[in-house]
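S.K.: Below are the sequence and a predicted model for it; my questions follow.
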Amino acid sequence: MLVLSRKLGESIVIDGRIRVKIVRLEGDIVKLGIEAPSEVPVHRQEIYEEIQKSNQEAAADQSVKVPRLSFAAKATPAP
């Protein structure tokens, strides 16, 4: 893990596309501003973990039944 010190108004850049800026300090709370391309998802850690858990549960859920297609339809002859 890289640990950096930044002051109010200073930033770091990740991969040349993502900028994380110290926007405000409120006591022991640090407010961050994050600029990233729209195709890069940005989530708080707890939200990211919840999304991952939900995805894993959905992938493991075998109770969802997909209806079978009926092949009883008759083929029509070509003209």
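M.R.: Great, that's in hand.

S.K.: Now do the helices in the chain.
M.R.: Using DSSP state H, the helices of the chain run over residues 45-60.

S.K.: Considering it, which strand comprises the largest number of residues?
M.R.: strand 18-26 (DSSP state E).

S.K.: Give the buried residues for the lowest-mean-pLDDT helix or strand in the chain.
M.R.: Lowest by mean pLDDT, DSSP states H and E among the helices and strands of the chain is helix 45-60, with a mean of 91. Of all the residues in helix 45-60, not one is buried under the rule 16 or more other CB atoms under 10 Å. Yep, even glycine has a C-beta here, placed from its N, CA and C like the rest.

S.K.: Just the CA atoms of that helix, as CSV, please.
M.R.: These are the backbone C-alpha positions of helix 45-60, laid out as CSV (Å, rounded to 0.1, in the frame of the first residue of the first chain):
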residue,chain,number,x,y,z
GLN,A,45,-15.7,0.4,0.2
GLU,A,46,-18.8,-0.8,2.0
ILE,A,47,-21.0,-0.3,-1.1
TYR,A,48,-18.4,-2.1,-3.3
GLU,A,49,-18.4,-5.0,-0.9
GLU,A,50,-22.3,-5.1,-0.9
ILE,A,51,-22.3,-5.1,-4.7
GLN,A,52,-19.8,-8.0,-4.8
LYS,A,53,-21.8,-10.0,-2.2
SER,A,54,-25.0,-9.5,-4.2
ASN,A,55,-23.3,-10.5,-7.4
GLN,A,56,-21.9,-13.7,-5.8
GLU,A,57,-25.3,-14.6,-4.4
ALA,A,58,-27.0,-14.0,-7.7
ALA,A,59,-24.5,-16.2,-9.5
ALA,A,60,-24.8,-19.0,-6.9
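
S.K.: other SSEs contacting that helix?
M.R.: With contacts defined as 3 or more CB pairs under 8 Å, 6 or more residues apart in numbering; DSSP states H and E, there are no secondary structure elements packing on helix 45-60.

S.K.: Can you list the neighbours in contact with it?
M.R.: If you take CB atoms under 8 Å, 6 or more residues apart in numbering as the criterion, helix 45-60 is touched by His43.

S.K.: Nearest residue to Lys31 in space, ignoring adjacent ones along the chain?
M.R.: Here the nearest residue to Lys31 in space, its sequence neighbours aside, is Arg24; by CB to CB, 6 or more residues apart in numbering that works out to 3.9 Å.

S.K.: Nothing else from me, thank you.
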